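> got a sequence here, can you build the structure:
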Amino acid sequence: MKVSHNAIARALLLSSAMFAAGCVPAPDSTPAPTPAPVKTSPPPAPAPSPMPAPAPENWIDAARTPGDWTYRSATGGSVALYGEAQTDARFSIRCDSSARSITFSRAGNAASTVPMRILTETAQRTLNAQPTGGELPYLTVTVPARDPLLDAMALTKGRFAVEVAGTPTLYLPAWAEVTRVIEDCR
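Residues are numbered from 1 along each chain as shown. Next up, the predicted model:
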């Protein structure tokens, strides 16, 4: 009997395939184990709100009101404006050189005259502020350019304060812009 090479090759291939099939284990009929539950801790408690800084015993130690002074020449005098960039001034000091007077303007509104207290290291004074009304309301006070309160503001230990009932106290730095406006009026 003559066997061809092709027949032998087919027989070997078939026997190899059968042998390989016999080596493959039968599928497992048991279900896959359920993974153990992962312990999760509760979400962390929110951080407590920061406590506001305690009010200083002395107003001169209070934090400076955010903002900066800017100086501008104005019709009939000059003005120093205090506030944050891209906002209306919180406070201004304006020189009217023809009247030789200085006007303080504090952002705020009132129905009638309200007290405005200016505190410096060496002086303090309460003045009667008049509401301006209008779209951008301010409370204003005018003093003579030679008023000693202006010198106290310019020479105070780093800052002065402006208090008006119903508005936050302003703690303002006594920078060169303040002195310049005062000097422009003298």
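> tell me where the chain has helices.
Using DSSP state H, the helices found in the chain span residues 5-23, 148-155, 176-184.
> what sits against S97?
Applying CB atoms under 8 Å, 6 or more residues apart in numbering, we find S97 in contact with 76-78, 184-185. Where you see a C-beta, it was placed from the backbone N, CA and C, and this is true even at glycine.
> now the buried members of these.
Buried subset of these (neighbour count, 16 or more other CB atoms under 10 Å): 77-78, 184-185.
> export these to a markdown table and tack on distance to A99 and pLDDT?
Formatted as a markdown table, the buried ones among the contacts of S97 follow (distance: CB to CB, whole Å; pLDDT from 0 to 100):
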| residue | distance to A99 | pLDDT |
| --- | --- | --- |
| G77 | 9 | 96 |
| S78 | 13 | 98 |
| D184 | 13 | 96 |
| C185 | 9 | 94 |
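> tell me the pLDDT at V38?
If you check V38, the pLDDT there is 56.
> for A174, which non-adjacent residue is spatially closest?
Spatial nearest neighbour of A174, chain neighbours left out: T156 (5.0 Å); criterion: CB to CB, 6 or more residues apart in numbering.
> the one you found and E121 touch, don't they?
Yes: with contact defined as CB atoms under 8 Å, T156 reaches E121; the gap is 4.3 Å.
> which of the two has more neighbours?
T156 (21 against 15; other CB atoms under 10 Å).
> can you tell me how far that one sits from I93?
T156 sits 14 Å away from I93, going by CB to CB, to the nearest Å.
> where do the strands sit along this structure?
68-74, 77-83, 91-96, 101-107, 114-119, 124-131, 138-144, 159-164, 170-173 (DSSP state E).
> and among the ones you listed, the most buried is which?
With neighbours defined as mean count of other CB atoms under 10 Å, those peak in mean count at strand 91-96, which reaches a mean of 23.
> angle of it against strand 138-144?
Between strand 91-96 and strand 138-144, the angle comes out at 40 degrees (axes from the mean of the first three to the mean of the last three CA atoms, to 10 degrees).
> mean confidence for strand 91-96?
Per-residue scores along strand 91-96 average to 98.
> so what strands line up beside that strand?
Take DSSP bridges as the rule and strand 91-96 pairs in its sheet with strand 77-83 (antiparallel), strand 101-107 (antiparallel).
> what sits against the nearest residue to I182 once chain neighbours are set aside?
Computed as CB to CB, 6+ apart, the closest residue to I182 that is not its neighbour in sequence is L150, at 4.8 Å. Listed by CB under 8 Å, 6+ apart, the contact set of L150 reads 102, 143, 182.
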